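Trainee: got a predicted structure plus its sequence, pasted below:
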Amino acid sequence: MQVRSLFLRVLALTFLIKLGLAAVLPLSGDEAYFIVWARHLDFGYYDHPPMVAWILAPLLPLVHAAWWVRLPALLFSSAVGVLVYRLLRPWGVERAAWTATLFLLWPFDWMNVLITTDTPLILFVFLSGWSMVHAVRSDSRRAYALAGFWLGCAFLSKYFAVVYGLGLFGWFAFTADGRRRWRGALWLALCALPEVVVNVYWNMTHCWDNILFNLYNRNAGSTFSLHNTGLYLVTVLYLATPPVLWAWWRDRRDVVPGAVTENRLYAFLFWVPTAFFLLLSLGKTIGLHWVLAFYPFLFLMIGLRTSGPRLRGLVRFMLGLAVVHALVLSAIVTAPAAWWQSTRFYSGYVLLVHPQSVLAAVRPFADGFRLATNDYSTSALMSWHAGQEYFVFGPGSKHARQDDMTTDFRALAGRNILVFDKSPTPLTQYAPYFRHVEQRRIIVDGAVFYLARGYGFDYPAYRQGVLARVRAQYYRVPDWLPMLRCGFCERYFAAPVCAR
């Protein structure tokens, strides 16, 4: 079989595997949360920029199914595999096909079927890198402009695009090839700027929510920890795999003649982010998904250094690794409920795999009540499966506070509210905000859920007891940030901006 034919078959097979996974895996809380975003289209959201919502919005009216909303994740990851092949093809079809096959078999490409903010980030970071390579090859202003545009799209996907930008800056600043292309760097920055301006303006008119969350609120309590650093190094080893890292080092002097500049560009785009997250790990736990956008550049480096039997050997190794991951994933997906029944996650498990049963058990108690939960993940999941809104009642957490924008508690004054919870919550947490509260338990497949039914919502008491605390904890905007408006403070505290 010709290697190009093998690549095409692996491309088709991995896409079908991803489609199968997308169909059988239950929708996660984070995915449902991004669907909530897409139903309230905007130029930004509390946690992150808006790109994932923009991608989801046109899909939602067409089909109500998890595999459908995950379709961008499936298509984007396969597209990166095709682009890996296209980038390496000038250096030989066989080299390009083996490398692209290696990437497609990488478990973290074909298992990556969830729709998250990382979905557009991975694609747009790679498209920017793709355009940069063509700019390096042709010194074309159009290619630099495209690299900047795609960088801006990545920035509107997730702020980790800035880390990719650091890699670009490093290449332009610290290589001779980069320095002599300084005009291209200016053109790239100019074409990325409009999308950055959109994000900055949204933040100036929305309490600087993105900045408060990503730089302040989510980092509260972070401390120096070598444990996190060790865990990150293990993550790098796990994602890159020892054979691939060994091939990168072993063949470091065997770069394809004429591709030295491209190889250095890929090195900056992979190793600068890797080093950045290493420094960040001294104070934070680095999520595995945080770094996925930069790993295609490692595979491109391998493609420029390794060829022949060695590259085929890496493909055989990656196939074996893929099979191991497939078996583990299959065991998890098909595991009986008894595996989880003795854990504290069991109620969450039942909600994920049997949501309609849970909704059916809630329905007899919901007539005449506005529906809520006390956390964003559960609210988003219930809203997706029920086809009606469940808002977040109570202080919530530092994560995912989009409900601060979409729910107006003033309009709920005097209403009856049912709060669904996966764990028991003392009624004393609800009693101050209602004329009367009662609690009921419902049992679904052995999992216990709790319903707090509050009669006569007391908005003034809630404003004082919950919303004022939320303002003090999550909306303390630093003086150095110029702010035009803050909807949260304007709505509840009659001030266009929060007190500094």
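Mentor: Done, it's in.
Trainee: which helix or strand in the chain has the lowest average pLDDT?
Mentor: Sorting the helices and strands of the chain by mean pLDDT, DSSP states H and E puts helix 338-341 at the bottom, at a mean of 83.
Trainee: that one: what's the following helix or strand?
Mentor: Next along the chain after helix 338-341, taking DSSP states H and E as the criterion, comes helix 346-353.
Trainee: hey, where'd the helices end up in the stretch 1-150 of the chain?
Mentor: 3-24, 29-39, 51-56, 66-69, 71-88, 93-105, 107-110, 118-138, 141-155 (DSSP state H, counting those that start in this stretch).
Trainee: the helices in the stretch 351-500 of the chain, which residues?
Mentor: 355-362, 376-386, 403-406, 459-462, 468-474, 487-493.
Trainee: from these, which stretch is densest packed?
Mentor: With neighbours defined by mean count of other C-beta atoms under 10 Å, none of the helices of the stretch 351-500 of the chain is more surrounded on average than helix 376-386, at a mean of 22. All C-beta spots, glycine's among them, are computed from the backbone N, C-alpha and C.
Trainee: show me what the top helix by length along the chain is packed against.
Mentor: Of all segments of type helix in the chain, defined using DSSP state H, the longest is helix 308-333. Packing partners of helix 308-333 (3 or more C-beta pairs under 8 Å, 6 or more residues apart in numbering; DSSP states H and E): helix 3-24, helix 93-105, helix 107-110, helix 242-250, helix 295-305.
Trainee: show me what the longest one is packed against.
Mentor: Applying 3+ C-beta pairs under 8 Å, 6+ apart, we find helix 3-24 packed against helix 66-69, helix 71-88, helix 93-105, helix 107-110, helix 308-333.
Trainee: out of those helices, which gets nearest to residue 139?
Mentor: Closest to residue 139 of those, according to C-beta to C-beta: helix 71-88, at 17.1 Å.
Trainee: give me the contacts around that closest one.
Mentor: For helix 71-88, contacts defined as C-beta atoms under 8 Å, 6 or more residues apart in numbering pick out 7, 11, 14-15, 18-19, 22, 55-56, 59, 95-97, 99-100, 103-104, 109-110, 112-116, 119-120, 122-123, 126-127, 130, 133, 296, 299-300, 303-304.
Trainee: where does residue 369 fall, phi/psi-wise?
Mentor: phi -120, psi 140 (degrees, to the nearest 10).
Trainee: quick one: contacts for it?
Mentor: The contact partners of residue 369, by C-beta under 8 Å, 6+ apart, come to 416, 417, 418, 453.
Trainee: and for residue 285?
Mentor: 228, 231.
Trainee: hmm, try it at 10 Å
Mentor: Counting by C-beta atoms under 10 Å, 6 or more residues apart in numbering, residue 285 touches 222, 225, 227, 228, 229, 231, 232, 235.
Trainee: and the fifth one, which of the three is it?
Mentor: Look at residue 229: counting by DSSP: H, G, I helix; E, B strand; the rest coil, its state is helix.
Trainee: so how far is the first residue of stretch 82-96 from its last?
Mentor: End-to-end distance for stretch 82-96: 10 Å, by C-alpha to C-alpha, to the nearest Å.
Trainee: burial count for residue 348?
Mentor: 18 (other C-beta atoms under 10 Å).
Trainee: that one against residue 423, yeah?
Mentor: Yes: between residue 348 and residue 423 there is a contact at 9.3 Å, judged by C-beta atoms under 10 Å.
Trainee: the domain parsing of this structure - what is it?
Mentor: Per the record, the chain has its domains at 3-333, 346-493, by automatic domain parsing.
Trainee: of those domains, flag the one that's most buried.
Mentor: Scoring the domains of the chain by mean neighbour count under mean count of other C-beta under 10 Å gives domain 3-333 as the most buried, with a mean of 19.
Trainee: re the thing from before, format the contacts of residue 369 as CSV; extra columns: distance to residue 358.
Mentor: Compiled in CSV, the contacts of residue 369 are given as follows (distance: C-beta to C-beta, whole Å):
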residue, distance to residue 358
416, 21
417, 18
418, 13
453, 16
